[in-house]
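Participant: Can you look at this prediction? I've put the sequence above it.
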There are 4 protein chains.
Amino acid sequence: MSSSLSPTEIFERMMAKDHFSRWMGVELIELGTGYCTLKMSIRPEMLNGFGILHGGVSFSFADSAFAFASNSHGRLSVSQTSQITHVKAAQTGDVLIAEAKELQLGNKMATYDVKVYREENTELIALFRGSVYRTSRSFNEE
Amino acid sequence: MSSSLSPTEIFERMMAKDHFSRWMGVELIELGTGYCTLKMSIRPEMLNGFGILHGGVSFSFADSAFAFASNSHGRLSVSQTSQITHVKAAQTGDVLIAEAKELQLGNKMATYDVKVYREENTELIALFRGSVYRTSRSFNEE
Amino acid sequence: MSSSLSPTEIFERMMAKDHFSRWMGVELIELGTGYCTLKMSIRPEMLNGFGILHGGVSFSFADSAFAFASNSHGRLSVSQTSQITHVKAAQTGDVLIAEAKELQLGNKMATYDVKVYREENTELIALFRGSVYRTSRSFNEE
Amino acid sequence: MSSSLSPTEIFERMMAKDHFSRWMGVELIELGTGYCTLKMSIRPEMLNGFGILHGGVSFSFADSAFAFASNSHGRLSVSQTSQITHVKAAQTGDVLIAEAKELQLGNKMATYDVKVYREENTELIALFRGSVYRTSRSFNEE
């Protein structure tokens, strides 16, 4: 059920296929069993109708960090429910950090928090919380 | 406090600046005071590390329908909290519909449900619920 | 895996042990596979520090309807995540209805919406959405 | 807009009317501007149809800590949306702690996390996140 691949090998396998995270331009800052920190710069095509970062892009950025953190154990884990609270608007040119941490790891379910903040002044942009269903498949079996 | 612009005029003003909704290729199907239905086709750059639609893109698609529905009253409304439950995976080539409906409209807050489903067979992909804070600014004042 | 007990038999088995639903005084209005409607009257001991219905009691009332609806299939189902949006305050003497409906039923997970409203004028009090993990145990095996 | 009452005076005013928190038997452990820790013992009338703590009671316990933390600033704050993730079951006789912390404080909205855990072994029972709408009324004006 578990995998002999390291968190980094799992990240690389996922990232190779993860076209949308590559579109966002996410860059890996830190990674380990149960956690992941990513970095991203806001580009004009990420903006919404108010000229600020589209809430779906801040969610997606957090969601990617959440996916890498939750799959780092070697068991294929699929997002079940997640929630985001928007705190501040972000603008073109802002550099954002998404920091995903494991809150609890059960046999079937696990829960993660992701903080999205501005790198420059650590100002909070959004708070994300998500739960995964942990399948019985490992990354080895792929 | 309220606006003399129609839901369509508000949608057009927002959409003109909404680069990310344009990147997603959202197309307007139906729009009125408090509701909005959008359509979108899944492209390869929207996929995640499992080769299926990135959860952040299904969220973003729902979030755009939610933004158009909640701003249709003419008062600038900003997303506060939202939640998504993923039901089925979606693949490249799938055509999706996002249907946003108003559940309650208060003076300061309002709540919306968005169903994301496959157009072909109406199979449910995701369930989204979001709340906005309704500012006192109208679209006219911009 | 599935149960030969009817939704009513399952409800009765659960209700016999459900001391807190009995404390709330919930009364069954309608029940079937995947849905449940309950009724409750607000008593003074249910109020919070502002002299209105405690948000935890409106949540609990919805949560009970959710539990009866999700267990009606005969498979032991445990609440995983749920969310509530408070719409209006409720007062002592108000009679409330909680109406739980199934939004999706998967093999491992299922999702439900519960509307809590005032019986008299159908005014919305709260919106609840919850997901259960469906275990492989049936009510028969107990 | 702000209040000259201390967090303790506000807590006492709220608690005097908060019949449901008194029914739960919550005891104040720690309190300050933006945080609150409560303690509670599980009694048989708090159980659900599976003979374990009703999810609505763990929610209510967290919700009370959230209300005391968010009102500690002296501005009347009403719960808007909250979410709970259930981690472990709790039984009669268990002593639980609810620890509420402020994640962000805006002018109109603020967000709090509450951890509910077993006092004895600090085992996590539930994770709660809630947002309040901060009215312009202070506790002094009451």
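Facilitator: Ah, there it is. A quick note: this is a predicted structure, and the numbers were derived from the prediction, not measured.
Participant: Quick one: name the residues of chain A near chain B.
Facilitator: By the rule CB under 8 Å from any CB of the partner chain, the part of chain A lying against chain B is A:13-21, A:23, A:44-51, A:54-57, A:59-61, A:63-64, A:67, A:71, A:76, A:78-86. Every C-beta, even on glycine, is put in place using the N, C-alpha and C of the backbone.
Participant: What about chain D: which of the residues you listed touch it?
Facilitator: Among the residues of chain A next to chain B, the ones lying near chain D by CB under 8 Å from any CB are A:83, A:85.
Participant: so where's chain A shaky on pLDDT?
Facilitator: Chain A contains residues with pLDDT under 70 at A:1-3, A:141-142.
Participant: quick check: longest helix of it.
Facilitator: helix A:55-71 (DSSP state H).
Participant: Flag every buried residue along whichever strand or helix holds A:I29.
Facilitator: Assigned by DSSP states H and E, A:I29 falls within strand A:27-32. For strand A:27-32, the buried set under the neighbour-count rule, 16 or more other CB atoms under 10 Å in any protein chain shown, comprises A:L31.
Participant: So which elements touch that strand?
Facilitator: Packing partners of strand A:27-32 (3 or more CB pairs under 8 Å, 6 or more residues apart in numbering or on different chains; DSSP states H and E): helix A:7-17, strand A:35-41.
Participant: Just put the ones you listed in a markdown table and tack on mean neighbour count.
Facilitator: Shown next, in a markdown table, are the helices and strands packed on strand A:27-32 (neighbours: other CB atoms under 10 Å in any protein chain shown):
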| stretch | mean neighbour count |
| --- | --- |
| helix A:7-17 | 16 |
| strand A:35-41 | 21 |
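Participant: possible to save these as TSV with distance to C:P7?
Facilitator: Shown next, in TSV, are those (distance: least, CB to CB, whole Å):
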stretch	distance to C:P7
helix A:7-17	42
strand A:35-41	43
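Participant: So what's the gap between the host helix or strand of A:F128 and the chain middle?
Facilitator: Remark: A:F128 resides in strand A:124-138, with elements defined by DSSP H and E. With CA atoms, centre = their mean, to the nearest Å as the basis, strand A:124-138 stands 8 Å off its chain's centre.
Participant: ok, back up a step: which of the residues of chain A next to chain B are buried?
Facilitator: By 16+ other CB under 10 Å, those give A:14-15, A:18-21, A:23, A:46-50, A:54-57, A:59-61, A:63-64, A:67, A:71, A:76, A:78-86 as buried.
Participant: Which ones among the residues you listed also lie next to chain C?
Facilitator: A:80-81, A:83.
Participant: So which of the residues you listed are in helices?
Facilitator: Using DSSP H, no member of these sits in helices.
Participant: Which of the residues you listed sits closest to A:S136?
Facilitator: A:Q80 (15.5 Å; CB to CB).
Participant: give the contact list for the most centrally placed residue in chain A.
Facilitator: Nearest to the geometric centre of chain A sits A:A65, at 1.6 Å (CA atoms, centre = their mean). Applying CB atoms under 8 Å, 6 or more residues apart in numbering or on different chains, one finds that A:A65 lies in contact with A:26, A:36-38, A:98-100, A:114.
Participant: Is it correct that A:K115 is in contact with A:E99?
Facilitator: Yes. Here A:K115 reaches A:E99: they are 4.9 Å apart, a contact under CB atoms under 8 Å.
Participant: Look up the residues forming beta bridges with the closest residue to chain C within chain A.
Facilitator: Ranking the residues of chain A by distance to chain C (CB to the nearest CB) places A:T81 first, at 4.9 Å. Residues in a beta bridge with A:T81, per DSSP bridges, are A:S131, B:T85.
Participant: May I have stretch A:131-142 as CSV, with CA atoms only?
Facilitator: In CSV, the C-alpha atoms belonging to stretch A:131-142 read as follows (Å, rounded to 0.1, in the frame of the first residue of the first chain):
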residue,chain,number,x,y,z
SER,A,131,-9.6,17.0,2.9
VAL,A,132,-8.4,14.1,0.8
TYR,A,133,-9.6,10.6,0.4
ARG,A,134,-6.6,8.3,0.6
THR,A,135,-7.0,5.5,-2.0
SER,A,136,-5.2,2.1,-1.5
ARG,A,137,-3.1,2.6,-4.7
SER,A,138,0.5,3.6,-4.4
PHE,A,139,2.6,5.6,-6.9
ASN,A,140,4.7,2.5,-7.6
GLU,A,141,1.9,0.7,-9.2
GLU,A,142,1.4,3.3,-11.9
